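A.B. asks: sequence-free structure coming up:
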């Protein structure tokens, strides 16, 4: 890489939360065949306490001996890309704007919810816009996904999207702006969000059966979600992508019905393997419904699937679905995807980075190390200083699933200090 890509020496503002675990490896250059009992994932030696939804006010600092040392830069040299030790370049920013949510999905958080961040701790509209501008105009980011919690709970969401949509990449194009949401209330805001510059939405729906949906989310709100999706379609947000977590007790019944209905409604369904990002007791490697099991269930139900792969390096591997009949019902042609983070990880070409709602940089979804960006911003750091902090953290990005060693043992994942709703998807 050119010298402009290399991260600088440690900034005086950089603060880390917890040293990364010592085990992991990159796997997943191709889909792995096998059962969930033999998960081909990088394992970790746990060094973290039980996650409580968000980290406390302080934590162990990553020592100079532990931190990976990047090549030195001249004091006046500022990186122009975010590149890590393994040659991966960041193009995708996941920007969480709140940790609050109005659902209580069983695999995501306890029934009573979590301890939400105080409002002053959240990144402000201006801070979110600034980080987005630095990412797009200075560091080569091409895609921004706004996440939560539930991002529709931010009253300033239209303003946030408007500021991001005004940005231009180095090639002069607007960044792709997407929103991950549960869809509640979307019909009231979809037109305004589209006008502000939102391109598309991903909506979380694990079942289209009202009772099943209520059991999963602990809220009887499916009808409201469908109303929200209808509003998004009317506003021209396209494509509508549906995210569904695959769980073993219902996959054989739920997956075919969900795919058939999504095809009929013109939605693009993405099954997600259940990852260890919720309450610890809700996840076991033995219960993971892997990509091969999902595909087997769909084919057994009568779907004709042709593998496409991951042509754009995004998380979902795709299959074309031929028009036909499944489970006794006709359906049009379309696609279905599987995000196989557990049984077929794609860490080797990951181009994503995440910023939490309180301004902590997480270079990996499973990072046990966080880097503070909000503190330096509020202390007066200029853009160049923020870039140096961000670049150094990226250089230390773990190889896979939160850690670096090629050894494998245990269940294969580092446990971040936050649950998924507090990280941002």
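C.D. replies: Cool, got the structure. Predicted model only: the values in this text are computed from it and were never measured.
A.B. asks: ok, which stretches of the stretch 251-400 of the chain are strands?
C.D. replies: 268-273, 305-309, 317-321, 324-326, 329-331, 334-339, 352-355, 360-362, 371-372 (DSSP state E, counting those that start in this stretch).
A.B. asks: okay, the angle between the third one and strand 334-339?
C.D. replies: Yep, that's strand 317-321 we're talking about. Between strand 317-321 and strand 334-339, the angle comes out at 160 degrees (axes from the mean of the first three to the mean of the last three Cα atoms, to 10 degrees).
A.B. asks: note down every partner strand of strand 317-321 and its orientation.
C.D. replies: Strands that pair with strand 317-321, judged by DSSP bridges, come out as strand 305-309 (antiparallel), strand 334-339 (antiparallel).
A.B. asks: for the ones you listed, which one ends up most surrounded?
C.D. replies: Ranked by mean neighbour count, those are led by strand 334-339 with a mean of 22 (mean count of other Cβ atoms under 10 Å). All C-beta atoms are positioned from the backbone trio N, CA, C, and that covers glycine.
A.B. asks: not counting that strand itself, show me its contacts.
C.D. replies: Here strand 334-339 makes contact (Cβ atoms under 8 Å, 6 or more residues apart in numbering) with 259, 262-263, 266, 268-273, 291, 294-295, 298, 303, 305, 308, 315-321.
A.B. asks: again, only using 6 Å
C.D. replies: Residues external to strand 334-339 that are found in contact with it (Cβ atoms under 6 Å, 6 or more residues apart in numbering): 259, 263, 268-272, 291, 294, 315-321.
A.B. asks: give me the buried entries from these.
C.D. replies: Burial by neighbour count, judged by 16 or more other Cβ atoms under 10 Å, picks out 259, 263, 268-272, 291, 294, 315-319, 321 from the contacts of strand 334-339.
A.B. asks: show me which pair in those is furthest apart.
C.D. replies: 263 and 315 (20.7 Å; Cβ to Cβ).
A.B. asks: ranges for the helices of this structure?
C.D. replies: Residue ranges of the helices in the chain, as given by DSSP state H, are 125-133, 139, 157-165, 186-196, 210-217, 222-234, 251-265, 291-300, 374-378, 383-395, 420-423.
A.B. asks: residue 357 is nearest to which of those?
C.D. replies: helix 420-423 (7.6 Å).
A.B. asks: my guess is residue 357 contacts residue 98. True?
C.D. replies: Yes - judged on Cβ atoms under 6 Å, residue 357 makes contact with residue 98 at a distance of 5.2 Å.
A.B. asks: so for those two, which residue has more residues nearby?
C.D. replies: residue 357 (28 against 25; other Cβ atoms under 10 Å).
A.B. asks: now that one. Nearest residue, chain neighbours left out?
C.D. replies: residue 96 (4.5 Å; Cβ to Cβ, 6 or more residues apart in numbering).
A.B. asks: does that neighbour touch residue 354 like I think?
C.D. replies: No - judged on Cβ under 6 Å, residue 96 makes no contact with residue 354 at a distance of 7.1 Å.
A.B. asks: those two: who's more crowded?
C.D. replies: residue 96 (29 against 22).
A.B. asks: mind listing the residues bridging to that one?
C.D. replies: Where residue 96 sits in a bridge, its partners, by DSSP bridges, are residue 147.
A.B. asks: same question, residue 319
C.D. replies: Bridge pairing for residue 319 - DSSP bridges - gives residue 307, residue 336.
A.B. asks: pLDDT below threshold where in the stretch 151-300 of the chain?
C.D. replies: Scanning the stretch 151-300 of the chain for pLDDT under 70 picks out 275-287.
A.B. asks: cutoff 50 now
C.D. replies: Residues of the stretch 151-300 of the chain meeting the criterion pLDDT under 50: 279, 283.
A.B. asks: distance of residue 294 from residue 354?
C.D. replies: 25 Å (Cβ to Cβ, to the nearest Å).
A.B. asks: same deal with residue 76?
C.D. replies: With Cβ to Cβ as the criterion, residue 76 and residue 354 are 29 Å apart.
A.B. asks: in space, what's closest to residue 185 - neighbours in sequence excluded?
C.D. replies: residue 152 (5.4 Å).
A.B. asks: need the contact list for residue 350.
C.D. replies: residue 88.
A.B. asks: and for residue 236?
C.D. replies: residue 194.
A.B. asks: gap between the residue of the chain most remote from its centre and residue 334?
C.D. replies: When each C-alpha in the chain is compared with the mean C-alpha position (Cα atoms, centre = their mean), residue 328 comes out farthest, at 35.0 Å. Using Cβ to Cβ, we find residue 328 at a distance of 18 Å from residue 334.
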